[in-house]
Structures are given as C-alpha cells and as structure tokens.
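S.K.: Kindly return the folded structure for what I paste below:
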Amino acid sequence: MSYREIKTIKGRKYRYERTSYRVGNTVKHTSKYIGPVEPVNQRKNPHAGRKPRLKIRELTLEEKQYLKQQLKNSKSFVKDRARILYLSLEGKTVKEICKKLGFYRSKVEAILKQFNIHGLNIFQRKTSLGKPRRITSEQRALILQYVNTDPWLLNVHYTNWSHKKLSEYAKTQGIVVSPSQVGRIILQDEIHYKKKTPWQYSNDPLFAKKKS
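M.R.: Numbers count the residues shown, from 1 in each chain. Next comes the predicted model:
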C-alpha cells in the first residue's frame, strides 16, 4: 500500500511517498522523496538582480529631427553614431544593433551611455591638445644657459658642447631631454656655439709651411 505524506524540515515542507509491504509476519516501509511543497529559492521578482536593458533615453522633437538628418551625414564618425541611436530608438537591443551594423558591443554601449549623459554633444569630435611639453620654460632657460657657458666653468671636462653632451649634462641636473630636443631648442633661439675643430701636429720641420 502506498500513500503520500508531508514532512516539515527546518521550516520547509517536503513531499514523500510512503510504501508499506509485508515480509512474512513483519510490515516494512520505504520512503521516496518527491519534492518541496513550494519551489525553493523562487524569486519574488523574476527580474530582480538583472541589469536594466541599455537603451536610448526619451528624445525631444528637435533631437529626433537632428538624429534623422545625421543618418545621411557624409562623415562616418557622425553617421555611425546616428545609426546606433536610431536603431535603439526603434526598440532594438544592443545585441541586435551589433549584429545589424557589425560593431563591437563595447562601442555600441559606450555611445548609448554617452548620449544619455551628454546628448547631442557626442556628435562633436574632440580636438586633441597635442603632446604635452616634456620640459618647463625654466628648464628650457637653463639649457640655453648651459650652451652659453664654458663647459670647464660647470666642472665638465669638455672643450666645447654638442647636443649629446648637453643632453647628458642636463640629465645630471635633473632635466630629462633628448639630444634632438636640445637641437630644436638651440635652433629656435638661433644660438650658434663653437663646434669642435680637428687639428694635428707633426715633428716635420716643414710642417708649418706645408700646413699653410
């Protein structure tokens, strides 16, 4: 004979199927687990813990008109952004936009997030400020001062300066500058310094005459 019973374990109810059978003069029982009465770990909100779907925010009439105009823009930078935003406006998911346009997910997500924060400003390409100067104006003035100073007065055992020697000496003074940059600094200020002139001497009594 079989019947079902409900057991309560640590406050939860579970179903079991009990079967009784006779072996000689003894009645034995077996128990088979069926499952919980109520689903375990069921979320009250099926969407709890999930990130909200990324999509474009509500647009004004002017923004919608501007977006449609940029779909025909000749610049790919502007046109690609307009296409991404317009597809999101139509209800496409990020995954669907990537599949249709062939863009990476990171690019699509970044553009949607930027538009939701900055609006139509994302269609303006930022201008680069260029590479920052490696040395300050004070350091530049010191390098020019070295050029105009005899190396011996700076306790450097050179007879004259070169771009490489100036670079090496500047590094000992805490100024990191390359030989080529030293050359550009000197060229900009139109400074001319004495370059090394090769010379030779001979024991030949006619050396002076021959040299002249």
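S.K.: can we go C-alpha only for contacts and neighbour counts from here?
M.R.: Will do.
S.K.: for G35, helix, strand, or coil?
M.R.: The assignment at G35 comes out as strand when based on DSSP: H, G, I helix; E, B strand; the rest coil.
S.K.: Next: the one 3 residues further on.
M.R.: E38 carries the three-state label coil when classified by three-state DSSP.
S.K.: which residues touch the closest residue to it other than its chain neighbours?
M.R.: Nearest residue to E38, sequence neighbours excluded (CA to CA, 6 or more residues apart in numbering): K13, at 7.4 Å. Residues in contact with K13 (CA atoms under 8 Å, 6 or more residues apart in numbering) are 6-7, 36-38.
S.K.: from these, which two are the most distant?
M.R.: Greatest spatial distance among these (CA to CA): K7 and E38, at 12.5 Å.
S.K.: beta partners of P36?
M.R.: With DSSP bridges applied, P36 shows beta-bridge pairing to Y14.
S.K.: Might one say that it is in contact with I9?
M.R.: No: using CA atoms under 8 Å as the test, P36 is too far from I9 to be in contact (10.3 Å).
S.K.: With neighbour numbers in mind, choose between those two.
M.R.: Shown here are P36 and I9; by other CA atoms under 10 Å, P36 has more neighbours (15 against 8).
S.K.: what about the residue nearest to E38, distance to V37?
M.R.: Distance, K13 to V37, by CA to CA, to the nearest Å: 6 Å.
S.K.: With I84 instead?
M.R.: I84 sits 48 Å away from V37, going by CA to CA.
S.K.: again with K99
M.R.: For K99, the distance to V37 - CA to CA - is 44 Å.
S.K.: again, but for R81
M.R.: Distance, R81 to V37, using CA to CA: 53 Å.
S.K.: before we move on, the earlier item: tell me which of I84 and V37 has more neighbours.
M.R.: Neighbour count, other CA under 10 Å: between I84 and V37, I84 has more, with 24 against 13.
S.K.: hey, where'd the strands end up in this structure?
M.R.: Along the chain, counting by DSSP state E, strands occupy 2-9, 12-23, 26-36.
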